[in-house]
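Visitor: Everything below, folded, please.
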Amino acid sequence: MTTDGARRTYTYLGPPDLVPARPGGGGRAVPSPAAFAQWAAGRAAGEWEEPFTYVVGTDGVLRLAPRRSEHVDCAGGAAVLAAGELGFGRAGDGRWTVTEVSNLSTGYCPDPDCWPAVEEALDRAGFGRRDRPDGFTQPIVFRRCASCGERNVVREGFFVCAVCDADLPPDWNLGRCSGSRPAR
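Guide: Okay, here's the model as predicted:
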């Protein structure tokens with residue numbers, strides 16, 4: 001994790017074998033409403049039944065991929081401002097809307113405070129306030145255990161490691177740790 005001005009960037013923390021060999025990745029850049037319309041036109045009807053994988057690159061651009069895609073592939077192996085899943089639907093007048101948005105990415109483990117980057121990327125892609133939620137519909141809190149090194153999803157505000165029962169820190173701490181367990 002680094003900060004880009006006031007923005008936190010997230011580096012990939014998952015298995016190294018999932019990092020793409022070449023930059024580029026499987027995510028489609030969606031920097032405008034026209035780009036979203038073109039991307040949406042290429043989707044099969046069945047794809048809309050579940051959320052899509054997304055990242056917001058350090059350039060602030062939304063990138064989309066099928067749900068079962070790895071976030072690191074969607075990002076081309078690069079650091080991101082945000083990552084998670086997006087669900088889409090249609091409004092009564094036929095326009096696309098974002099119906100759900102999360103920061104669920106166990107590869108990047110972004111904190112819910114990445115919402116402003118998501119909001120700006122969605123605005124750029126044509127999803128203004130009337131066409132998207134005002135925040136994550138499913139905010140996920142990630143923490144790394146200082147005792148055993150395991151990454152955890154904090155559930156219902158219970159900051160306890162699921163592996164060793166140690167207390168988890170209140171502040172996001174995944175960027176300060178390597179992908180391996182700390183030495184004991």
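
Visitor: Give me the distance between D167 and G157.
Guide: Taking Cβ to Cβ, to the nearest Å as the measure, D167 and G157 are separated by 13 Å. Any C-beta I mention is one placed from the backbone N, CA and C, and that applies to glycine too.

Visitor: In terms of packing, which of those two has more residues around it?
Guide: Looking at D167 and G157 with other Cβ atoms under 10 Å, you find the greater number of neighbours at D167, namely 12 against 6.

Visitor: tell me the contacts of that one?
Guide: Counting by Cβ atoms under 8 Å, 6 or more residues apart in numbering, D167 touches F159, V160, C161.

Visitor: Measure how buried the first one is and give me the count.
Guide: Right, F159. The number of residues packed near F159 is 14, by other Cβ under 10 Å.

Visitor: In the longest strand seen in the chain, which residues are buried?
Guide: Counting residues, the longest strand in the chain under DSSP state E turns out to be strand 80-90. Neighbour-count burial for strand 80-90, counted by 16 or more other Cβ atoms under 10 Å, picks out V80, L81, A82, A83, G84, E85, L86, G87, F88.

Visitor: Check stretch 102-120 too.
Guide: By neighbour count, and taking 16+ other Cβ under 10 Å as the criterion, the buried residues in stretch 102-120 are 102-105, 107-112, 114-115, 117-120.

Visitor: immediately after the worst-scoring helix or strand of the chain on mean pLDDT, which helix or strand?
Guide: Least confident element among the helices and strands of the chain, by mean pLDDT, DSSP states H and E: strand 2-4 (a mean of 51). On the C-terminal side of strand 2-4, the nearest following helix or strand under DSSP states H and E is strand 7-9.

Visitor: so what strands line up beside that following strand?
Guide: Using DSSP bridges, the strands paired with strand 7-9 are strand 2-4 (antiparallel).

Visitor: average pLDDT across the longest strand of the chain?
Guide: When the per-residue pLDDT values of strand 80-90 are averaged, the result is 97.

Visitor: and if you look at stretch 34-49?
Guide: Across stretch 34-49, pLDDT averages out at 94.

Visitor: Let's see that stretch as CSV, backbone CA atoms only.
Guide: These are the backbone C-alpha positions of stretch 34-49, laid out as CSV (Å, rounded to 0.1, in the frame of the first residue of the first chain):
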residue,chain,number,x,y,z
ALA,A,34,-19.8,5.4,-24.6
ALA,A,35,-17.1,2.9,-23.5
PHE,A,36,-19.6,1.3,-21.1
ALA,A,37,-22.2,1.1,-23.8
GLN,A,38,-19.8,-0.6,-26.1
TRP,A,39,-18.6,-3.0,-23.4
ALA,A,40,-22.2,-3.8,-22.4
ALA,A,41,-23.3,-4.5,-25.9
GLY,A,42,-20.7,-7.3,-26.0
ARG,A,43,-22.1,-9.1,-23.0
ALA,A,44,-24.3,-12.2,-23.2
ALA,A,45,-27.7,-12.0,-21.5
GLY,A,46,-26.7,-14.6,-18.9
GLU,A,47,-23.7,-12.6,-17.7
TRP,A,48,-25.9,-9.9,-16.2
GLU,A,49,-27.3,-12.3,-13.6
